[in-house]
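Colleague: no sequence on this one, just coordinates:
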């Protein structure tokens, strides 16, 4: 047997599975390693190629093993599944990872830095709290609707309900119902405060990041979207074109082409759901402004005239992703489109 050159590492909470082969593909190592001894195990090995599925804690272990001199490549689990033979277990998973990482056509996930992951934690925490706040708002509205009290949509309507709950002089709410509603109202206010604190941290990081400030110049991209793009994408050079970035986010049509016939359907919705949601939301803000005040983007005006608004929003989100890629790769700032003079 030769010296190990490639390793497939199946990570878990406590016990990791290692599958190593030499340069000709002969199995050299097949063993289980406890979490506490992973660093010690790889420190004793010569530098080699290590493949890991891009799942929770994968970026942490990628950074740790790279410090030891190993070349670590992360892969989407869905791409590794094709190399799994027969039953699923840790040993077979590690063997599939080892096989997949050696394929020249395999696509890899760039390793995120601790700073990137820290910013993404802020985004994920904010997203969770916003979801919980929405649940509380819906619960308050639903309970008061049972008593015949209806408010306007949006946060202003919720604010009116909170004032009504806090007003103990108003006898339109029974005392028992007011007790439970007051608890929900306090939770709603507390979540709003925590969301504001998280957003302040995000805005502070945004002001300190030159890339994020440049991305904010794009219409439809604010500090939240800009910081999420910088943290999620990381290495913009990893994408060969703006369309590749849009495809990674899931903003391109899904293909079902055969026999030379192009069949394009709805967007693929592959890749990063969070970025896709942010970009489409930002695009909807641009469209609302354009419908009220007009826009220099004639293609958007024509598109809104012949397609539904949501379809136009997805198309604009795709264009925003492409513009972001071009700006970051070329080191440019956003340039407003010029309106050509009308033909006489």
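Modeller: Received, thanks. Quantities reported herein were computed from a predicted structural model and do not represent experimental measurements.
Colleague: so what's residue 108 up against?
Modeller: Shown in contact with residue 108 (Cβ atoms under 8 Å, 6 or more residues apart in numbering): 73-75. From N, CA and C alone the C-beta is placed, and that goes for glycine too.
Colleague: got those residues as JSON lines, with neighbour count, secondary structure and pLDDT columns?
Modeller: Formatted as JSON lines, those follow (neighbours: other Cβ atoms under 10 Å; DSSP: H, G, I helix; E, B strand; the rest coil; pLDDT from 0 to 100):
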{"residue": "73", "neighbour count": "20", "secondary structure": "strand", "pLDDT": "96"}
{"residue": "74", "neighbour count": "20", "secondary structure": "strand", "pLDDT": "95"}
{"residue": "75", "neighbour count": "23", "secondary structure": "strand", "pLDDT": "95"}
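Colleague: closest to residue 247 among those?
Modeller: Nearest to residue 247 among the contacts of residue 108 is residue 75, at 17.1 Å by Cβ to Cβ.
Colleague: Dig out what that closest one forms beta bridges with.
Modeller: residue 53 (DSSP bridges).
Colleague: For the stretch 1-150 of the chain, just list every one of the helices.
Modeller: Counting by DSSP state H, counting those that start in this stretch, residue ranges of the helices within the stretch 1-150 of the chain are 38-43, 58-67, 77-80, 90-101, 114-146.
Colleague: Now render the contacts of residue 108 as JSON lines, adding distance to residue 209.
Modeller: Shown next, in JSON lines, are the contacts of residue 108 (distance: Cβ to Cβ, whole Å):
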{"residue": "73", "distance to residue 209": "27"}
{"residue": "74", "distance to residue 209": "24"}
{"residue": "75", "distance to residue 209": "28"}
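Colleague: Could you dump the helices of the stretch 1-150 of the chain into JSON lines with mean neighbour count and distance to residue 291 added?
Modeller: Formatted as JSON lines, the helices of the stretch 1-150 of the chain follow (neighbours: other Cβ atoms under 10 Å; distance: least, Cβ to Cβ, whole Å):
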{"stretch": "helix 38-43", "mean neighbour count": "16", "distance to residue 291": "56"}
{"stretch": "helix 58-67", "mean neighbour count": "18", "distance to residue 291": "42"}
{"stretch": "helix 77-80", "mean neighbour count": "16", "distance to residue 291": "39"}
{"stretch": "helix 90-101", "mean neighbour count": "22", "distance to residue 291": "48"}
{"stretch": "helix 114-146", "mean neighbour count": "15", "distance to residue 291": "26"}
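Colleague: Sketch out the low-pLDDT regions of the protein for me.
Modeller: 1, 337-344 (pLDDT under 70).
Colleague: Quick check: can you list the domain ranges of it?
Modeller: 6-101, 115-208, 211-330 (automatic domain parsing).
Colleague: And the ones you listed: which comes nearest residue 107?
Modeller: domain 6-101 (6.4 Å).
Colleague: Now do that closest one: distance to the chain's middle.
Modeller: Centre-to-centre, domain 6-101 and its host chain are 25 Å apart (Cα atoms, centre = their mean, to the nearest Å).
Colleague: and the end-to-end length of it?
Modeller: 8 Å (Cα to Cα, to the nearest Å).
Colleague: related to what we said a few turns ago, how about the domains of the chain, which one is nearest residue 336?
Modeller: domain 211-330 (6.5 Å).
Colleague: quick one: that closest one to chain centroid distance?
Modeller: 14 Å.
Colleague: count of residues packed around the spatially closest residue to residue 301 that is not a sequence neighbour?
Modeller: In this structure, residue 301 finds its nearest non-sequential neighbour in residue 295, 6.4 Å apart by Cβ to Cβ, 6 or more residues apart in numbering. Other residues lying near residue 295 total 18 when counted by other Cβ atoms under 10 Å.
Colleague: My read is that residue 22 contacts residue 3, right?
Modeller: Yes - contact criterion Cβ atoms under 8 Å: residue 22 and residue 3 qualify, at 6.1 Å.
Colleague: which of these two has more neighbours?
Modeller: residue 22 (16 against 11).
Colleague: on that earlier part again, now distance to residue 200 too, for the helices of the stretch 1-150 of the chain, in CSV please.
Modeller: Below are the helices of the stretch 1-150 of the chain laid out as CSV (distance: least, Cβ to Cβ, whole Å):
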stretch, distance to residue 200
helix 38-43, 37
helix 58-67, 26
helix 77-80, 35
helix 90-101, 41
helix 114-146, 10
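Colleague: Between those, which one is closest to residue 180.
Modeller: Nearest to residue 180, of those and by Cβ to Cβ, is helix 114-146 at 7.4 Å.
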